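Peer 1: predicted model follows, preceded by the sequence.
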Amino acid sequence: MNTAYLSLGSNLGDRYEMLRDAIQLLRQQTGLEVSRLSSIYETDPVGYTEQAIFLNMVVEIKSELCAEEILFICLETEQTLGRIRQFRWGPRCIDLDILLFNDENIELEKLTVPHPRMHERGFVLFPLIELVPDGVHPLTGVPFGKYAEGQKEGVHIW
Ligand SMILES: Nc1nc2nc(S)n(CCO)c2c(=O)[nH]1
């Protein structure tokens with residue numbers, strides 16, 4: 001059985017409804033169990049900052065599917081909920097990113113796991129730490145809590 005952690009985010013439309021609907025669609029997938037949910041966080045945009053405030057969370061997935069099959073489900077879920085990719089860092093109604101897949105290092109054209117920017121993102125680290133308080137980065141061995149130090153600004157429980 002594989003364990004994966006997905007980061008969910010939304011800053012367009014009814015953000016809460018988008019997160020709720022994405023989780024509902026994930027739960028309808030055969031071969032995949034949404035086993036735990038973090039709290040929802042309201043977070044200041046990072047990267048491209050001229051956009052609306054996000055709602056973010058992390059979900060734990062248990063599945064026999066491989067990482068690429070889970071990626072396909074994430075992309076299909078975004079499409080079902082109407083995501084239109086206007087520009088790379090732009091606003092989005094829903095975003096699902098694979099953060100971790102077991103402790104594996106995956107480097108494919110369309111998929112890099114662990115997510116390459118997860119250690120720089122408070123909006124990922126704080127919800128992830130809720131689910132795996134003692135978790136460490138599979139490649140660096142650094143605890144996620146250590147990466148989270150100094151990244152609390154702009155990240156608030158919603
Ligand atoms: N707070 C916050 N900032 C973000 N910047 C980008 S791009 N994104 C999209 C995720 O890659 C986010 C996000 O989900 N939350």
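Peer 2: Noted; the coordinates are in hand. Quick caveat, the model's predicted, so the values are computed rather than measured.
Peer 1: what about the helices in the chain?
Peer 2: 15-27, 67-80, 122-131, 144-148 (DSSP state H).
Peer 1: the longest one vs helix 15-27, what angle?
Peer 2: Between helix 67-80 and helix 15-27, the angle comes out at 140 degrees (axes from the mean of the first three to the mean of the last three Cα atoms, to 10 degrees).
Peer 1: packing partners for helix 67-80?
Peer 2: If contacts are counted by 3 or more Cβ pairs under 8 Å, 6 or more residues apart in numbering; DSSP states H and E, helix 67-80 sits against strand 2-10, helix 15-27, strand 95-101. The way it works is simple: take the backbone N, C-alpha and C, and place the C-beta from them, glycine included.
Peer 1: out of the ones you listed, which gets nearest to E153?
Peer 2: Proximity of the helices and strands packed on helix 67-80 to E153 was assessed by Cβ to Cβ; the nearest stretch is strand 2-10, lying at 17.5 Å.
Peer 1: quick one: T112 from the ligand, how far?
Peer 2: Between T112 and the ligand the distance is 13 Å, computed by Cβ to the nearest ligand atom, to the nearest Å.
Peer 1: if you skip the residues just before and after it, what's nearest to that residue?
Peer 2: Distances taken as Cβ to Cβ, 6 or more residues apart in numbering place I106 nearest to T112, at 6.8 Å, with adjacent residues excluded.
Peer 1: next one: L125
Peer 2: Once flanking residues are discounted, L125 sits nearest to A148: 4.1 Å by Cβ to Cβ, 6+ apart.
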